[in-house]
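Novice: What shape does this take:
(chains A and B)
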2 protein chains.
Amino acid sequence: MHVGVDSFVSSVTDPTDGRVIGASERMEHLLEEITLADRVGLYSFGIGEHHRSEYYDSAPSIILAAAAARTERIRLGSAVKVLSADDPVRVFQEFATLDLISKGRTDLVVGRGSFTESFPLFGLDLADYDSLFIEKLELLLQIRDNVEVTWSGKHRPALTRQSIYPRPMQDPLPVWVGVGGSPESFARAGLLGLPLMIAIIGGEPRQFAPLVDLYRRAGAQAGHAPEKLKVGLHVFGFVAESTQAAADTIYPGWNEMFTKISRERGFARPTRAQFDATSGPNGAFFMGDPQTVADKIARVGEQLGGVDRLSLQMTNPRLAHSDLLRGIELLGTEVAPLVADL
Amino acid sequence: MHVGVDSFVSSVTDPTDGRVIGASERMEHLLEEITLADRVGLYSFGIGEHHRSEYYDSAPSIILAAAAARTERIRLGSAVKVLSADDPVRVFQEFATLDLISKGRTDLVVGRGSFTESFPLFGLDLADYDSLFIEKLELLLQIRDNVEVTWSGKHRPALTRQSIYPRPMQDPLPVWVGVGGSPESFARAGLLGLPLMIAIIGGEPRQFAPLVDLYRRAGAQAGHAPEKLKVGLHVFGFVAESTQAAADTIYPGWNEMFTKISRERGFARPTRAQFDATSGPNGAFFMGDPQTVADKIARVGEQLGGVDRLSLQMTNPRLAHSDLLRGIELLGTEVAPLVADL
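Specialist: Modelled structure (predicted):
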């Protein structure tokens, strides 16, 4: 199994002195994280997309391009690019350019987004949540698979025998579908024969087994070869020397992050007991010493009938830069080798 | 006067062996050009925006981000970003992110574009050529000058007390207006108190003097301080050891490029006599040995009542990578010092 890192590029308050890291310094730290991930042999680094004051990743392709210029081997992707709210022509141009700069190391992971800010910001109606994504994904794939495109739809002006440039280095440019828990999304990705990136945010990872099965059956029925039907997981987590140290390092930021989200969405305030449960063997949070995290990866991979990629999202608003670097190093040098042959 | 380089990232056929440089290799060459420009102390590097098969710059901000990660001092800008065909929210987010990554080295130069491909590609009507730009520039400046924006217009969904993130390092992010020969554009930039980047493609540079004067008078009447009313020039050109070598190196690609454009626009085919005339002391093309180019810069600067920046666009589809690197080196080490005190 390939192991990587995803980042949402949250703002960070240094836990040692309470200093808020400035946005430009945070971006420099992020590029250090990515170059370290590259150096320790991790497979991929993904950048999310948010349009909120506490995240700096509203333009993930820009950040990925900077990372491409500083790295040699690591694959670079979106995690996810909110395709529903963007123009597939622009998105393709950006990621094709990134693919040229990175010499074929780009993955375009597209999704509908888990926050909803982008709808009013780009003048979209939440009632079109699904149809926006379906239509834009269809156009994106047409652009990817044909230099010249003729297309018309509801959410974007038509194209009449128009060609989109530049063309990427990889042919085809890998397009992954990022999904949450909707069965329709799993079935759709299978029918299209597209690799799947599952964001597991809560609950128990093994509960996704029927959905992964649905994806694989839909793909097989549509005639796609099993090797095309890849499964990736995007999960929250952290690695440290010991499981206790990982928990102590990560809890304050976890608490801050989920308190904020719970307040916005009207959920109950998260508790330490919840943190411990979600970090346990069956929980959604991949946290602990390298062996613990590797065991969990192996177990969940088995529960889901084989997983090709796992990306650990370690963004945390109270995580010191040095601790995050150490987490990336342990993930690359200790966890990844333990699960490489799965 | 500050001296820089602009590039349209055209495809290149190596003149020595007729080999077409691949898009990814071309992008690598481009990043070498920008890092060299940084190293020899040039002031700025700009990337154009085109949506055509023979140019690789449909997503300039992506290329600039890669350049930001590889450079230390040089300013990085668009040349120009076709604002009319894009969303000011996205454009601001991209360039704000670039500004964070480059630590405040970003210039956003916006214009209406000299080619028209982007209109059908993005579903726009050429009849709206002017109103698209006016409205989008207005929104862009509102976003730049206020974290929270309430705005409505004809060409983009309204914003109601929405905030655009991330915020750039420079406050305000420099927004330049790129103009061709339209007096309205010069007057508008002056009224808004925005710095002006003039693209001189043909004719004689001194003919722009009345337009520059119009810009400065409009700016003064609107109450803007003279130091806000900066003037930059974007010109075609090339520097080599001797003027003869510069001409021999650059003519084949110049001929190819302008033959193609002339055919598309129904102009007469360009001739060598035209190339020589446009390269002469009063022509639009800044070509020759370092002293010749420096003299021309000084003369044109004087004719236009003072110029703050000059960017040399040296893209040429028949120019060897090594010749272009040498041109950049001569521009930085020999031409720029000769005009630094102007």
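
Novice: For chain B, see how far away the closest residue to A:Phe267 other than its chain neighbours is.
Specialist: Nearest residue to A:Phe267, sequence neighbours excluded (C-beta to C-beta, 6 or more residues apart in numbering or on different chains): A:Ile261, at 7.5 Å. Every C-beta, even on glycine, is put in place using the N, C-alpha and C of the backbone. Noted for A:Ile261: a distance of 17 Å to chain B, by C-beta to the nearest C-beta, to the nearest Å.

Novice: Next: A:Gln274.
Specialist: On the measure of C-beta to the nearest C-beta, A:Gln274 and chain B end up 29 Å apart.

Novice: Off-centre distance for the helix or strand harbouring that residue?
Specialist: Per DSSP states H and E: A:Gln274 is located in helix A:272-279. Its chain's C-alpha centre and that of helix A:272-279 lie 23 Å apart, by C-alpha atoms, centre = their mean, to the nearest Å.

Novice: Same check on stretch A:307-327?
Specialist: Distance of stretch A:307-327 from its chain centroid, counting by C-alpha atoms, centre = their mean, is 12 Å.

Novice: and it, how far apart are its ends?
Specialist: 22 Å (C-alpha to C-alpha, to the nearest Å).

Novice: Does it reach chain B?
Specialist: No. Using C-beta under 8 Å from any C-beta of the partner chain, we find that stretch A:307-327 stays clear of chain B, coming within 14.7 Å at best.

Novice: Near chain B, which residues of the stretch 151-300 of chain A are found?
Specialist: Within reach of chain B by C-beta under 8 Å from any C-beta, the stretch 151-300 of chain A has these residues: A:156-160, A:162-167, A:169.

Novice: Only the buried members of these: can you turn that into a ChimeraX selection?
Specialist: Only the buried members of those end up in this ChimeraX selection, burial being decided by 16 or more other C-beta atoms under 10 Å in any protein chain shown:
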select /A:156,159,162,163,164,165,166,167,169
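
Novice: if we take the residues of the stretch 151-300 of chain A next to chain B, which one ends up nearest to chain B?
Specialist: Checking those against chain B with C-beta to the nearest C-beta, the nearest one is A:Pro157 at 2.1 Å.

Novice: Spit out the contact partners of the closest one.
Specialist: Contact analysis of A:Pro157 by C-beta atoms under 8 Å, 6 or more residues apart in numbering or on different chains lists B:122-124.

Novice: Now it: phi and psi?
Specialist: Dihedral angles of A:Pro157 (phi, psi; degrees, to the nearest 10) stand at phi -60, psi 150.

Novice: Look at it and report its pLDDT.
Specialist: A:Pro157 is assigned a pLDDT of 96 by the prediction.

Novice: now swap in the one 4 residues further on and tell me
Specialist: The predicted structure scores A:Arg161 at 97 on the pLDDT scale.

Novice: Got phi/psi on the residue in the stretch 1-150 of chain A positioned nearest to chain B?
Specialist: Residue of the stretch 1-150 of chain A nearest chain B, by C-beta to the nearest C-beta: A:Gly123 (2.1 Å). Main-chain dihedrals, A:Gly123, degrees, to the nearest 10: phi 70, psi 30.

Novice: Report how many residues lie close to it.
Specialist: By other C-beta atoms under 10 Å in any protein chain shown, the residues close to A:Gly123 number 13.

Novice: Also the one 10 residues further on?
Specialist: Here the neighbour count serves as a burial measure; for A:Phe133 (other C-beta under 10 Å) it reads 22.

Novice: contacting residues for it?
Specialist: Shown in contact with A:Phe133 (C-beta under 8 Å, 6+ apart): A:83-84, A:111-112.

Novice: Just the helices from chain A, written as ranges.
Specialist: Ranges of helices in chain A, per DSSP state H, are A:23-39, A:60-70, A:88-101, A:118-121, A:129-145, A:183-192, A:209-221, A:243-265, A:272-279, A:290-303, A:321-330, A:336-339.

Novice: For the fourth one, buried residues please.
Specialist: Using 16+ other C-beta under 10 Å as the burial criterion, the residues of helix A:118-121 that qualify are A:118-121.

Novice: roughly how far out does that helix sit from the chain middle?
Specialist: 20 Å.

Novice: Can that helix be said to contact chain B?
Specialist: Yes. Using C-beta under 8 Å from any C-beta, helix A:118-121 reaches chain B at A:120-121.

Novice: Dump that helix to CSV, restricted to CA.
Specialist: Below are the C-alpha coordinates for helix A:118-121, written out as CSV (Å, rounded to 0.1, in the frame of the first residue of the first chain):
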residue,chain,number,x,y,z
SER,A,118,-18.0,27.8,-1.9
PHE,A,119,-21.6,27.7,-3.0
PRO,A,120,-22.6,31.3,-2.1
LEU,A,121,-19.0,32.5,-2.9
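
Novice: tally of neighbours for A:Arg265?
Specialist: 8.

Novice: Which positions within the biggest strand by length in chain A qualify as buried?
Specialist: The strand that spans the most residues within chain A, counting by DSSP state E, is strand A:231-239. Using 16+ other C-beta under 10 Å as the test for burial, strand A:231-239 gives A:231-239.
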